[in-house]
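S.K.: My questions concern the predicted model and sequence given below.
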Amino acid sequence: MTKLQDLVSLCKRRGIIFQNSEIYGGIAGFFDYGPIGAPMKMNLKKVWWNEIVKNRKNVVGIDGTIITHPKVWEASGHVKGFADLLSECKSCHKRFRVDQLKKGKEKECPDCGKELGKPRKFNILFHTEVGVIEGEKTETYLRGEACQTIYLNYKNVLDSTRQKIPFGIAQIGKAFRNEVTPKNFLYRSREFEQWDLQFFVHPDNMESWYEFWKKERFNWYKSLLNNKENIRFREHDKDELVFYAKKAFDIEYKTDFAGWLEMEGIHWRADYDLIQHSKFSGKKLNYKDPQTGEEYIPWIVETSGGVDRTFMFLLLDAYTEEEVEGKKRTVLKIDPRLAAYQAAVMPLAANKPDLVKYANRVFKDLASKFSVDWDDSSNIGKKYRRQDEIGTPFCITIDFDTLKDDTVTVRERDSMKQKRVPVKNLENTLVKKLNI
(Lines give C-alpha, C1' and ligand atoms only; values in the text may rest on other atoms or scores of the structure.)
Protein backbone atom coordinates (compact mmCIF):
# COMPACT_ATOMS: atom_id res chain seq x y z
CA MET A 1 0.00 0.00 0.00
CA THR A 2 1.11 3.59 -0.65
CA LYS A 3 1.26 6.19 2.09
CA LEU A 4 -1.87 7.80 0.61
CA GLN A 5 -3.77 4.50 0.82
CA ASP A 6 -2.65 4.07 4.43
CA LEU A 7 -3.83 7.60 5.18
CA VAL A 8 -7.24 7.06 3.53
CA SER A 9 -7.68 3.93 5.65
CA LEU A 10 -6.74 5.82 8.82
CA CYS A 11 -9.10 8.67 7.96
CA LYS A 12 -12.07 6.33 7.72
CA ARG A 13 -11.10 4.24 10.74
CA ARG A 14 -10.66 7.24 13.02
CA GLY A 15 -13.50 9.44 11.79
CA ILE A 16 -11.42 12.03 9.97
CA ILE A 17 -12.83 11.83 6.43
CA PHE A 18 -15.53 9.65 4.88
CA GLN A 19 -16.50 9.02 1.27
CA ASN A 20 -19.77 10.88 0.63
CA SER A 21 -22.88 8.69 0.13
CA GLU A 22 -20.86 5.56 0.88
CA ILE A 23 -23.94 3.48 1.74
CA TYR A 24 -25.11 4.06 -1.85
CA GLY A 25 -21.77 3.14 -3.33
CA GLY A 26 -20.26 6.62 -3.05
CA ILE A 27 -20.07 9.50 -5.50
CA ALA A 28 -16.68 10.38 -6.96
CA GLY A 29 -15.10 13.67 -5.95
CA PHE A 30 -17.19 14.34 -2.82
CA PHE A 31 -16.06 13.80 0.77
CA ASP A 32 -17.48 14.36 4.25
CA TYR A 33 -15.46 15.37 7.31
CA GLY A 34 -16.08 13.20 10.37
CA PRO A 35 -16.01 13.92 14.13
CA ILE A 36 -12.21 14.25 14.14
CA GLY A 37 -11.72 15.79 10.68
CA ALA A 38 -14.33 18.53 11.07
CA PRO A 39 -12.63 20.27 14.04
CA MET A 40 -9.22 19.74 12.44
CA LYS A 41 -10.34 21.50 9.28
CA MET A 42 -11.96 24.27 11.33
CA ASN A 43 -8.68 24.73 13.21
CA LEU A 44 -6.73 24.90 9.96
CA LYS A 45 -9.04 27.61 8.62
CA LYS A 46 -8.79 29.50 11.89
CA VAL A 47 -4.97 29.45 11.74
CA TRP A 48 -5.12 30.76 8.14
CA TRP A 49 -7.66 33.46 9.08
CA ASN A 50 -5.54 34.62 11.99
CA GLU A 51 -2.45 34.76 9.76
CA ILE A 52 -4.09 36.60 6.87
CA VAL A 53 -6.84 38.73 8.46
CA LYS A 54 -6.84 38.93 12.26
CA ASN A 55 -3.17 39.79 12.69
CA ARG A 56 -3.03 42.42 9.92
CA LYS A 57 -4.29 45.99 9.80
CA ASN A 58 -4.65 46.15 6.02
CA VAL A 59 -6.67 42.97 5.31
CA VAL A 60 -10.39 42.44 5.92
CA GLY A 61 -12.53 39.36 5.40
CA ILE A 62 -15.82 38.66 3.67
CA ASP A 63 -18.07 35.64 3.11
CA GLY A 64 -19.61 35.65 -0.35
CA THR A 65 -22.41 33.52 -1.79
CA ILE A 66 -21.99 30.35 -3.82
CA ILE A 67 -24.43 31.52 -6.53
CA THR A 68 -23.95 34.89 -8.22
CA HIS A 69 -25.34 36.72 -11.23
CA PRO A 70 -24.55 34.63 -14.34
CA LYS A 71 -22.77 37.57 -15.99
CA VAL A 72 -20.06 37.26 -13.34
CA TRP A 73 -18.84 34.09 -15.03
CA GLU A 74 -19.00 35.65 -18.46
CA ALA A 75 -16.89 38.56 -17.27
CA SER A 76 -14.37 36.27 -15.57
CA GLY A 77 -13.97 34.16 -18.71
CA HIS A 78 -15.17 30.96 -17.09
CA VAL A 79 -18.14 30.42 -19.42
CA LYS A 80 -15.91 30.39 -22.49
CA GLY A 81 -12.57 29.31 -21.11
CA PHE A 82 -13.10 27.19 -17.99
CA ALA A 83 -12.73 23.86 -19.72
CA ASP A 84 -10.69 20.68 -19.74
CA LEU A 85 -9.41 19.24 -23.00
CA LEU A 86 -10.68 15.65 -23.18
CA SER A 87 -10.26 12.69 -25.48
CA GLU A 88 -12.86 9.92 -25.66
CA CYS A 89 -11.92 6.31 -26.34
CA LYS A 90 -13.53 5.02 -29.54
CA SER A 91 -13.91 1.56 -28.01
CA CYS A 92 -14.79 1.85 -24.27
CA HIS A 93 -16.03 5.48 -24.56
CA LYS A 94 -14.27 6.60 -21.39
CA ARG A 95 -12.98 10.18 -21.38
CA PHE A 96 -9.52 11.28 -20.30
CA ARG A 97 -7.93 14.67 -19.71
CA VAL A 98 -5.31 15.28 -22.37
CA ASP A 99 -2.90 16.90 -19.91
CA GLN A 100 -2.90 13.72 -17.82
CA LEU A 101 -2.10 11.30 -20.64
CA LYS A 102 1.43 9.89 -20.82
CA LYS A 103 3.73 11.66 -23.24
CA GLY A 104 4.00 9.76 -26.47
CA LYS A 105 0.75 7.89 -25.81
CA GLU A 106 -1.75 10.73 -26.23
CA LYS A 107 -3.74 8.70 -28.79
CA GLU A 108 -3.93 5.48 -26.77
CA CYS A 109 -6.64 4.70 -24.19
CA PRO A 110 -5.01 4.15 -20.76
CA ASP A 111 -7.68 1.54 -19.90
CA CYS A 112 -8.20 -0.62 -22.98
CA GLY A 113 -5.33 0.45 -25.25
CA LYS A 114 -7.62 1.36 -28.15
CA GLU A 115 -7.57 4.62 -30.11
CA LEU A 116 -8.57 7.89 -28.50
CA GLY A 117 -10.67 10.38 -30.43
CA LYS A 118 -9.83 13.98 -31.24
CA PRO A 119 -9.53 16.16 -28.10
CA ARG A 120 -12.57 18.32 -27.30
CA LYS A 121 -13.25 20.99 -24.70
CA PHE A 122 -15.67 20.30 -21.83
CA ASN A 123 -16.71 23.17 -19.54
CA ILE A 124 -16.45 22.11 -15.90
CA LEU A 125 -18.76 24.70 -14.29
CA PHE A 126 -21.76 23.22 -12.47
CA HIS A 127 -25.01 24.54 -13.95
CA THR A 128 -28.01 25.42 -11.82
CA GLU A 129 -31.15 27.57 -12.07
CA VAL A 130 -32.62 30.42 -10.04
CA GLY A 131 -36.41 30.88 -9.91
CA VAL A 132 -39.49 28.72 -9.31
CA ILE A 133 -41.57 28.86 -12.51
CA GLU A 134 -40.59 26.51 -15.31
CA GLY A 135 -39.66 28.43 -18.44
CA GLU A 136 -38.86 31.57 -16.44
CA LYS A 137 -35.86 30.30 -14.49
CA THR A 138 -32.49 32.00 -14.90
CA GLU A 139 -29.61 29.70 -15.73
CA THR A 140 -26.51 30.33 -13.65
CA TYR A 141 -23.62 28.41 -12.10
CA LEU A 142 -22.19 27.25 -8.83
CA ARG A 143 -19.01 29.23 -8.43
CA GLY A 144 -15.97 27.68 -10.04
CA GLU A 145 -13.66 29.69 -7.82
CA ALA A 146 -14.29 31.58 -4.60
CA CYS A 147 -12.42 34.79 -5.42
CA GLN A 148 -14.97 36.39 -7.77
CA THR A 149 -17.15 37.61 -4.89
CA ILE A 150 -14.13 39.53 -3.62
CA TYR A 151 -13.96 41.53 -6.87
CA LEU A 152 -17.73 42.06 -6.75
CA ASN A 153 -17.46 43.52 -3.24
CA TYR A 154 -14.24 45.48 -3.70
CA LYS A 155 -16.11 48.80 -4.00
CA ASN A 156 -18.47 47.93 -1.13
CA VAL A 157 -15.51 47.24 1.15
CA LEU A 158 -13.87 50.54 0.22
CA ASP A 159 -17.10 52.46 0.85
CA SER A 160 -17.89 50.76 4.17
CA THR A 161 -14.46 50.62 5.81
CA ARG A 162 -11.49 52.90 6.36
CA GLN A 163 -9.24 50.78 4.19
CA LYS A 164 -7.17 52.43 1.50
CA ILE A 165 -4.68 51.07 -1.00
CA PRO A 166 -2.67 48.97 -0.39
CA PHE A 167 -5.18 46.65 1.26
CA GLY A 168 -6.52 43.13 0.92
CA ILE A 169 -9.80 41.25 1.01
CA ALA A 170 -9.73 37.63 2.15
CA GLN A 171 -12.27 34.84 2.01
CA ILE A 172 -12.66 31.14 2.70
CA GLY A 173 -15.43 29.53 0.69
CA LYS A 174 -16.78 26.61 -1.28
CA ALA A 175 -16.10 26.15 -4.97
CA PHE A 176 -17.37 23.52 -7.41
CA ARG A 177 -15.80 22.01 -10.51
CA ASN A 178 -17.29 19.14 -12.46
CA GLU A 179 -13.93 17.42 -12.78
CA VAL A 180 -13.83 14.65 -15.37
CA THR A 181 -11.34 12.57 -13.40
CA PRO A 182 -11.44 13.42 -9.68
CA LYS A 183 -8.65 11.49 -8.01
CA ASN A 184 -5.95 11.32 -5.34
CA PHE A 185 -8.35 11.62 -2.42
CA LEU A 186 -8.84 15.31 -1.51
CA TYR A 187 -6.42 16.65 -4.11
CA ARG A 188 -8.82 16.80 -7.05
CA SER A 189 -12.44 16.79 -5.94
CA ARG A 190 -15.66 18.29 -7.27
CA GLU A 191 -16.70 20.20 -4.14
CA PHE A 192 -13.97 21.85 -2.12
CA GLU A 193 -12.99 24.95 -0.17
CA GLN A 194 -10.54 27.65 -1.18
CA TRP A 195 -8.83 30.37 0.78
CA ASP A 196 -8.15 33.50 -1.20
CA LEU A 197 -6.46 36.81 -0.60
CA GLN A 198 -6.82 39.52 -3.23
CA PHE A 199 -4.42 42.33 -2.37
CA PHE A 200 -5.07 45.65 -4.15
CA VAL A 201 -2.03 47.82 -4.89
CA HIS A 202 -0.84 50.79 -6.93
CA PRO A 203 0.54 49.51 -10.27
CA ASP A 204 3.96 51.02 -9.46
CA ASN A 205 4.18 48.90 -6.30
CA MET A 206 3.04 45.60 -7.81
CA GLU A 207 6.49 44.00 -7.95
CA SER A 208 7.38 44.62 -4.30
CA TRP A 209 4.01 43.48 -2.98
CA TYR A 210 4.11 40.38 -5.17
CA GLU A 211 7.46 39.38 -3.68
CA PHE A 212 6.19 40.21 -0.19
CA TRP A 213 3.23 37.83 -0.45
CA LYS A 214 5.32 35.11 -2.08
CA LYS A 215 7.58 35.06 0.95
CA GLU A 216 4.75 35.34 3.48
CA ARG A 217 2.78 32.47 2.05
CA PHE A 218 5.74 30.14 1.57
CA ASN A 219 6.94 30.67 5.14
CA TRP A 220 3.45 30.07 6.52
CA TYR A 221 3.09 26.71 4.80
CA LYS A 222 6.61 25.76 5.79
CA SER A 223 5.86 26.52 9.44
CA LEU A 224 3.12 23.85 9.45
CA LEU A 225 5.27 21.04 8.04
CA ASN A 226 7.56 18.54 9.72
CA ASN A 227 9.37 17.64 6.51
CA LYS A 228 10.24 21.10 5.24
CA GLU A 229 12.22 19.72 2.31
CA ASN A 230 8.92 18.61 0.76
CA ILE A 231 7.85 22.14 -0.14
CA ARG A 232 9.08 24.30 -3.01
CA PHE A 233 8.25 27.11 -5.42
CA ARG A 234 7.63 26.36 -9.09
CA GLU A 235 7.53 29.27 -11.48
CA HIS A 236 5.07 28.98 -14.36
CA ASP A 237 6.61 28.69 -17.80
CA LYS A 238 5.86 31.46 -20.27
CA ASP A 239 3.41 29.25 -22.18
CA GLU A 240 1.48 28.59 -18.92
CA LEU A 241 0.91 32.24 -18.09
CA VAL A 242 -2.44 33.85 -18.86
CA PHE A 243 -2.14 36.90 -21.09
CA TYR A 244 -2.52 39.47 -18.30
CA ALA A 245 0.06 37.90 -15.95
CA LYS A 246 3.70 38.89 -15.80
CA LYS A 247 4.49 35.94 -13.51
CA ALA A 248 2.92 33.18 -11.43
CA PHE A 249 4.38 30.83 -8.83
CA ASP A 250 2.94 27.68 -7.29
CA ILE A 251 3.81 26.46 -3.82
CA GLU A 252 4.09 22.70 -4.26
CA TYR A 253 4.26 19.70 -1.93
CA LYS A 254 6.15 16.54 -2.80
CA THR A 255 4.07 13.35 -2.64
CA ASP A 256 5.12 9.72 -3.07
CA PHE A 257 2.17 8.96 -5.36
CA ALA A 258 2.21 11.83 -7.89
CA GLY A 259 5.39 13.84 -7.35
CA TRP A 260 5.10 17.59 -6.79
CA LEU A 261 1.53 18.91 -6.52
CA GLU A 262 0.19 22.43 -6.11
CA MET A 263 -0.85 23.71 -2.68
CA GLU A 264 -1.33 27.39 -3.52
CA GLY A 265 -0.76 29.79 -6.37
CA ILE A 266 0.59 33.34 -6.10
CA HIS A 267 -0.71 35.14 -9.17
CA TRP A 268 0.03 38.46 -10.87
CA ARG A 269 -3.53 39.42 -11.83
CA ALA A 270 -2.82 43.10 -12.56
CA ASP A 271 -6.05 45.04 -13.31
CA TYR A 272 -7.73 42.39 -15.47
CA ASP A 273 -10.52 41.35 -13.09
CA LEU A 274 -11.69 44.82 -12.11
CA ILE A 275 -11.59 45.95 -15.76
CA GLN A 276 -13.69 42.96 -16.80
CA HIS A 277 -16.32 43.45 -14.11
CA SER A 278 -16.41 47.18 -14.80
CA LYS A 279 -16.96 46.47 -18.48
CA PHE A 280 -19.71 43.85 -18.00
CA SER A 281 -21.51 45.65 -15.15
CA GLY A 282 -21.17 49.21 -16.43
CA LYS A 283 -19.96 50.35 -12.99
CA LYS A 284 -16.73 52.27 -12.42
CA LEU A 285 -14.31 50.37 -10.20
CA ASN A 286 -11.59 53.02 -10.14
CA TYR A 287 -9.79 54.02 -6.97
CA LYS A 288 -9.15 57.67 -6.09
CA ASP A 289 -6.23 58.32 -3.77
CA PRO A 290 -7.59 60.50 -0.90
CA GLN A 291 -4.26 62.30 -0.51
CA THR A 292 -2.96 62.81 -4.06
CA GLY A 293 -6.26 62.72 -5.96
CA GLU A 294 -4.77 60.23 -8.45
CA GLU A 295 -7.39 57.95 -9.97
CA TYR A 296 -6.56 54.48 -11.27
CA ILE A 297 -7.70 50.87 -11.38
CA PRO A 298 -5.74 48.92 -8.75
CA TRP A 299 -3.60 45.94 -9.62
CA ILE A 300 -4.07 42.70 -7.72
CA VAL A 301 -1.74 40.19 -6.10
CA GLU A 302 -3.66 36.97 -5.56
CA THR A 303 -2.77 34.15 -3.19
CA SER A 304 -5.21 31.29 -3.73
CA GLY A 305 -5.03 27.81 -2.24
CA GLY A 306 -7.12 24.74 -1.58
CA VAL A 307 -8.15 24.15 2.03
CA ASP A 308 -8.89 20.46 1.49
CA ARG A 309 -5.77 19.64 -0.47
CA THR A 310 -3.65 21.52 2.07
CA PHE A 311 -5.32 19.48 4.81
CA MET A 312 -4.46 16.30 2.91
CA PHE A 313 -0.82 17.35 2.48
CA LEU A 314 -0.54 18.17 6.18
CA LEU A 315 -1.98 14.74 7.06
CA LEU A 316 0.52 13.08 4.70
CA ASP A 317 3.33 15.07 6.24
CA ALA A 318 2.20 14.14 9.76
CA TYR A 319 1.49 10.45 9.07
CA THR A 320 4.26 8.42 10.69
CA GLU A 321 4.79 4.71 11.30
CA GLU A 322 7.29 3.72 13.98
CA GLU A 323 8.33 0.51 15.71
CA VAL A 324 7.93 0.62 19.48
CA GLU A 325 8.90 -2.45 21.50
CA GLY A 326 8.50 -4.64 18.44
CA LYS A 327 5.07 -3.28 17.52
CA LYS A 328 4.05 -0.74 14.88
CA ARG A 329 2.87 2.62 16.15
CA THR A 330 0.92 4.90 13.80
CA VAL A 331 0.94 8.54 14.83
CA LEU A 332 -0.18 11.84 13.32
CA LYS A 333 2.58 14.29 14.24
CA ILE A 334 0.46 17.24 13.26
CA ASP A 335 0.87 20.82 14.48
CA PRO A 336 -0.94 21.02 17.87
CA ARG A 337 -2.87 24.06 16.61
CA LEU A 338 -4.60 21.80 14.08
CA ALA A 339 -5.31 18.76 16.22
CA ALA A 340 -8.95 17.95 16.96
CA TYR A 341 -8.07 17.72 20.66
CA GLN A 342 -5.25 19.47 22.48
CA ALA A 343 -5.37 16.90 25.25
CA ALA A 344 -7.18 13.71 26.28
CA VAL A 345 -8.21 12.92 29.83
CA MET A 346 -8.14 9.23 30.79
CA PRO A 347 -9.06 7.46 34.00
CA LEU A 348 -6.76 4.46 34.28
CA ALA A 349 -9.72 2.15 34.95
CA ALA A 350 -13.33 2.84 33.98
CA ASN A 351 -14.67 0.51 36.69
CA LYS A 352 -13.13 2.47 39.57
CA PRO A 353 -15.61 5.20 40.65
CA ASP A 354 -13.01 7.26 42.52
CA LEU A 355 -10.74 7.44 39.42
CA VAL A 356 -13.65 8.31 37.13
CA LYS A 357 -14.93 11.00 39.50
CA TYR A 358 -11.50 12.61 39.76
CA ALA A 359 -10.96 12.38 36.00
CA ASN A 360 -14.35 14.01 35.38
CA ARG A 361 -13.32 16.94 37.56
CA VAL A 362 -10.05 17.35 35.62
CA PHE A 363 -11.93 17.11 32.32
CA LYS A 364 -14.43 19.83 33.29
CA ASP A 365 -11.68 22.16 34.49
CA LEU A 366 -9.68 21.80 31.27
CA ALA A 367 -12.62 21.70 28.83
CA SER A 368 -13.47 25.34 29.54
CA LYS A 369 -10.05 26.40 28.26
CA PHE A 370 -8.89 23.67 25.87
CA SER A 371 -10.29 21.22 23.35
CA VAL A 372 -10.29 18.00 25.40
CA ASP A 373 -11.26 14.41 24.63
CA TRP A 374 -12.59 11.97 27.21
CA ASP A 375 -11.48 8.34 26.91
CA ASP A 376 -12.41 5.67 29.45
CA SER A 377 -12.49 2.73 27.03
CA SER A 378 -10.11 -0.25 26.85
CA ASN A 379 -6.66 -0.42 28.44
CA ILE A 380 -4.22 2.46 28.69
CA GLY A 381 -2.05 1.22 25.80
CA LYS A 382 -4.98 1.18 23.38
CA LYS A 383 -6.08 4.61 24.59
CA TYR A 384 -2.64 6.01 23.80
CA ARG A 385 -2.63 4.41 20.33
CA ARG A 386 -6.01 5.88 19.47
CA GLN A 387 -4.96 9.36 20.55
CA ASP A 388 -1.68 8.97 18.62
CA GLU A 389 -3.60 8.13 15.45
CA ILE A 390 -5.80 11.24 15.65
CA GLY A 391 -2.86 13.49 16.56
CA THR A 392 -3.72 14.47 20.15
CA PRO A 393 -0.55 16.17 21.48
CA PHE A 394 -0.97 15.26 25.19
CA CYS A 395 -2.66 12.51 27.19
CA ILE A 396 -3.47 13.04 30.88
CA THR A 397 -3.91 9.87 32.92
CA ILE A 398 -5.61 9.80 36.32
CA ASP A 399 -4.30 6.78 38.24
CA PHE A 400 -4.23 5.53 41.83
CA ASP A 401 -1.28 7.76 42.71
CA THR A 402 -3.45 10.73 41.70
CA LEU A 403 -5.81 9.92 44.55
CA LYS A 404 -2.88 10.01 46.97
CA ASP A 405 -0.86 13.06 45.88
CA ASP A 406 -3.00 15.03 43.38
CA THR A 407 -0.57 14.50 40.49
CA VAL A 408 -1.35 13.15 37.02
CA THR A 409 0.71 11.60 34.24
CA VAL A 410 1.16 13.82 31.18
CA ARG A 411 2.31 11.89 28.10
CA GLU A 412 3.68 13.64 25.01
CA ARG A 413 2.55 12.30 21.65
CA ASP A 414 5.75 12.57 19.60
CA SER A 415 8.35 11.48 22.16
CA MET A 416 6.00 9.30 24.28
CA LYS A 417 7.78 10.71 27.34
CA GLN A 418 5.72 10.79 30.55
CA LYS A 419 5.94 13.21 33.46
CA ARG A 420 4.08 13.58 36.73
CA VAL A 421 2.48 17.00 37.07
CA PRO A 422 0.53 18.43 40.03
CA VAL A 423 -3.11 18.93 39.06
CA LYS A 424 -2.94 22.54 40.21
CA ASN A 425 -0.17 23.16 37.60
CA LEU A 426 -1.85 21.26 34.78
CA GLU A 427 -3.41 24.24 33.01
CA ASN A 428 -0.17 26.25 32.98
CA THR A 429 1.75 23.19 31.84
CA LEU A 430 -0.52 22.75 28.82
CA VAL A 431 -0.45 26.44 27.97
CA LYS A 432 3.35 26.37 27.99
CA LYS A 433 3.64 23.13 26.00
CA LEU A 434 1.03 24.17 23.44
CA ASN A 435 2.60 27.62 23.12
CA ILE A 436 -0.76 29.39 23.41
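M.R.: Perfect, I can see it now.
S.K.: Please list the residues outside the helix or strand bottoming out on mean pLDDT in the chain that contact it.
M.R.: Within the chain, no helix or strand scores below helix 78-81, which has a mean of 72 by mean pLDDT, DSSP states H and E. With C-beta atoms under 8 Å, 6 or more residues apart in numbering as the test, helix 78-81 has contacts from W73, E74, N123, L125, Y141, G144, E145. Glycine gets a C-beta too; all of them are placed from N, C-alpha and C.
S.K.: buried sites along that helix?
M.R.: Going by neighbour count (16 or more other C-beta atoms under 10 Å), the buried part of helix 78-81 is H78, V79.
S.K.: The contacts of helix 78-81 into JSON lines, with extra columns for pLDDT, distance to D401 and neighbour count?
M.R.: Below are the contacts of helix 78-81 laid out as JSON lines (pLDDT from 0 to 100; distance: C-beta to C-beta, whole Å; neighbours: other C-beta atoms under 10 Å):
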{"residue": "W73", "pLDDT": "85", "distance to D401": "65", "neighbour count": "22"}
{"residue": "E74", "pLDDT": "86", "distance to D401": "70", "neighbour count": "13"}
{"residue": "N123", "pLDDT": "76", "distance to D401": "66", "neighbour count": "17"}
{"residue": "L125", "pLDDT": "88", "distance to D401": "63", "neighbour count": "18"}
{"residue": "Y141", "pLDDT": "90", "distance to D401": "63", "neighbour count": "20"}
{"residue": "G144", "pLDDT": "90", "distance to D401": "59", "neighbour count": "19"}
{"residue": "E145", "pLDDT": "90", "distance to D401": "57", "neighbour count": "17"}
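S.K.: Of those, which belong to helices?
M.R.: Counted as lying in helices by DSSP state H, out of the contacts of helix 78-81, are W73, E74.
S.K.: coming back round to it: thinking in terms of the whole chain, how far from its middle is the least confident helix or strand of the chain?
M.R.: Helix 78-81 sits 25 Å away from the centroid of its parent chain (C-alpha atoms, centre = their mean, to the nearest Å).
S.K.: follow-up on the earlier one: save the contacts of helix 78-81 as JSON lines, and put in distance to L86 too.
M.R.: As requested, those are arranged in JSON lines below (distance: C-beta to C-beta, whole Å):
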{"residue": "W73", "distance to L86": "20"}
{"residue": "E74", "distance to L86": "23"}
{"residue": "N123", "distance to L86": "11"}
{"residue": "L125", "distance to L86": "15"}
{"residue": "Y141", "distance to L86": "19"}
{"residue": "G144", "distance to L86": "17"}
{"residue": "E145", "distance to L86": "20"}
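S.K.: between the contacts of helix 78-81, which is nearest G37?
M.R.: Within the contacts of helix 78-81, proximity to G37 (C-beta to C-beta) peaks at E145, which comes in at 23.6 Å.
S.K.: what's near enough to touch that closest one?
M.R.: S76, H78, A175, Q194, D196, S304.
S.K.: Mind doing that once more with 10 Å?
M.R.: W73, S76, H78, F82, G173, A175, F176, R177, Q194, D196, S304 (C-beta atoms under 10 Å, 6 or more residues apart in numbering).
S.K.: Confidence-wise, which of these comes last?
M.R.: In terms of pLDDT, the weakest of the contacts of E145 is F82, which scores 65.
S.K.: that older thread, ok, so of the contacts of E145, who is nearest K114?
M.R.: R177 (28.1 Å).
S.K.: what about the closest one, distance to R232?
M.R.: 25 Å (C-beta to C-beta, to the nearest Å).
S.K.: can you check D414 too?
M.R.: From D414 to R232 the distance is 25 Å (C-beta to C-beta).
S.K.: cool, and N360?
M.R.: 48 Å.
S.K.: what's the answer for F185, then?
M.R.: 21 Å.
S.K.: of the two, who's got more company?
M.R.: F185 (21 against 13; other C-beta atoms under 10 Å).
S.K.: Doesn't that one lie inside a helix?
M.R.: No: counting by DSSP: H, G, I helix; E, B strand; the rest coil, F185 is not part of a helix but coil.
S.K.: for the chain, which spans come out with low pLDDT?
M.R.: 1, 81-84 (pLDDT under 70).
S.K.: mind giving me the domain split of it?
M.R.: What the record gives for the chain is the domain set 3-68+140-316, 341-434, from automatic domain parsing.
S.K.: okay, how far is it across the shortest one, tip to tip?
M.R.: So the one you mean is domain 341-434. 11 Å (C-alpha to C-alpha, to the nearest Å).
S.K.: The longest one too?
M.R.: Here the two ends of domain 3-68+140-316 are set 7 Å apart, with distance taken as C-alpha to C-alpha.
S.K.: give me the number of residues near the residue lying closest to D271 once chain neighbours are set aside?
M.R.: Closest residue to D271 apart from its sequence neighbours, by C-beta to C-beta, 6 or more residues apart in numbering: I297 at 4.4 Å. Here the count is done by other C-beta under 10 Å, and I297 has 18 residues near it.
S.K.: Same check on G104?
M.R.: Neighbour tally, G104, other C-beta under 10 Å: 7.
S.K.: ok, now how distant is it from K114?
M.R.: 17 Å.
S.K.: Secondary structure element holding the residue lying closest to A318 once chain neighbours are set aside?
M.R.: Sequence neighbours aside, I334 is the residue nearest to A318 in space, at 4.0 Å (criterion: C-beta to C-beta, 6+ apart). Using DSSP states H and E, I334 sits within no helix or strand.
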